[in-house]
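Asker: generate a structure from the sequence data that follows.
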Amino acid sequence: MKTQDYFYNCSKEYIYKINTQLYTEVTNIIESLTKRKTQAEINKDLLINFSNKKWAFDSAPNDLRHLKALNDRTLCITSSTLNARWHCDFAKVFDSNLVQLEVQFGTVESMFKDFCGFRIAYYEKRIALGIEIVISEPNKYFSQRKESISGMAYFEIAKQTLPAIGLNCPIWLVGINE
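Answerer: Model prediction:
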């Protein structure tokens, strides 16, 4: 797979200041993916790849429950002061900076919830960066099942939405291309 970037309230240099390996680690994980027919298969590949790089995760399917043994799910908590009980998909501490990551193959509305979670965590000074991963062109990527991707979050809508909603937290948007 290939990636495309959009940096909202941050830059590649900002990401390198968090940790010099962060940008490369995330892009290498995505670029190592092979094309899959379903979102569930992509999610499973991402879970395996991110957990192999010591990223904490929120949940895992039963066939991967062995990954939970060393998982620190508390890193995925969006808020420590609100009773929202939100968790991001993945999180990792880099040089004392918490980075939270969301993989969004759901609706645009779900993407807004992810952005809200990053904003809350940043407000509470929990995170240094939020990362949102979306498919760049769902109609092309999932061309065999176009009817099931109506309303799916995608790179351009995320890129256009971020400045319009005016969040003041750093978000690195990553698009996945074939």
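
Asker: run a quick neighbour tally on Asn168.
Answerer: Asn168 has 8 neighbours, counted by other C-beta atoms under 10 Å. (Each C-beta comes from the backbone N, C-alpha and C, glycine too.)

Asker: helix, strand, or coil at it?
Answerer: Taken by DSSP: H, G, I helix; E, B strand; the rest coil, the conformation at Asn168 corresponds to coil.

Asker: that one and Asn9 touch, don't they?
Answerer: Yes. The criterion here is C-beta atoms under 8 Å, and Asn168 meets it with Asn9 at 6.6 Å.

Asker: then the lengthiest helix in the chain to PDB, C-alphas only?
Answerer: Ranked by residue count, the top helix of the chain under DSSP state H comes out as helix 108-123. Taking Å, rounded to 0.1, in the frame of the first residue of the first chain, the C-alpha atoms of helix 108-123 are listed here in PDB:
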ATOM      1  CA  VAL A 108     -17.800  10.300   8.300                       C
ATOM      2  CA  GLU A 109     -19.700  10.700  11.600                       C
ATOM      3  CA  SER A 110     -17.400   8.100  13.200                       C
ATOM      4  CA  MET A 111     -14.400  10.100  11.900                       C
ATOM      5  CA  PHE A 112     -15.800  13.200  13.700                       C
ATOM      6  CA  LYS A 113     -15.900  11.200  16.900                       C
ATOM      7  CA  ASP A 114     -12.200  10.300  16.400                       C
ATOM      8  CA  PHE A 115     -11.400  14.000  15.900                       C
ATOM      9  CA  CYS A 116     -13.400  14.900  19.100                       C
ATOM     10  CA  GLY A 117     -11.400  12.200  21.000                       C
ATOM     11  CA  PHE A 118      -8.100  13.700  19.900                       C
ATOM     12  CA  ARG A 119      -9.300  17.100  20.900                       C
ATOM     13  CA  ILE A 120     -10.400  16.000  24.400                       C
ATOM     14  CA  ALA A 121      -7.100  14.100  25.000                       C
ATOM     15  CA  TYR A 122      -5.100  17.100  23.800                       C
ATOM     16  CA  TYR A 123      -7.100  19.400  26.000                       C
END
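
Asker: what is it packed up against?
Answerer: Packing partners of helix 108-123 (3 or more C-beta pairs under 8 Å, 6 or more residues apart in numbering; DSSP states H and E): strand 97-103, strand 129-135, helix 155-165.

Asker: in it, which residues are buried?
Answerer: 111, 114-115, 117-122 (16 or more other C-beta atoms under 10 Å).

Asker: likewise for stretch 23-31?
Answerer: So for stretch 23-31, counting by 16+ other C-beta under 10 Å, buried means 23, 25-26, 29-30.

Asker: what are the contacting residues of that stretch?
Answerer: For stretch 23-31, the surrounding residues in contact (C-beta atoms under 8 Å, 6 or more residues apart in numbering) are 1-3, 12, 15-16, 46, 49-50, 53, 101, 131, 133, 172, 174, 176.
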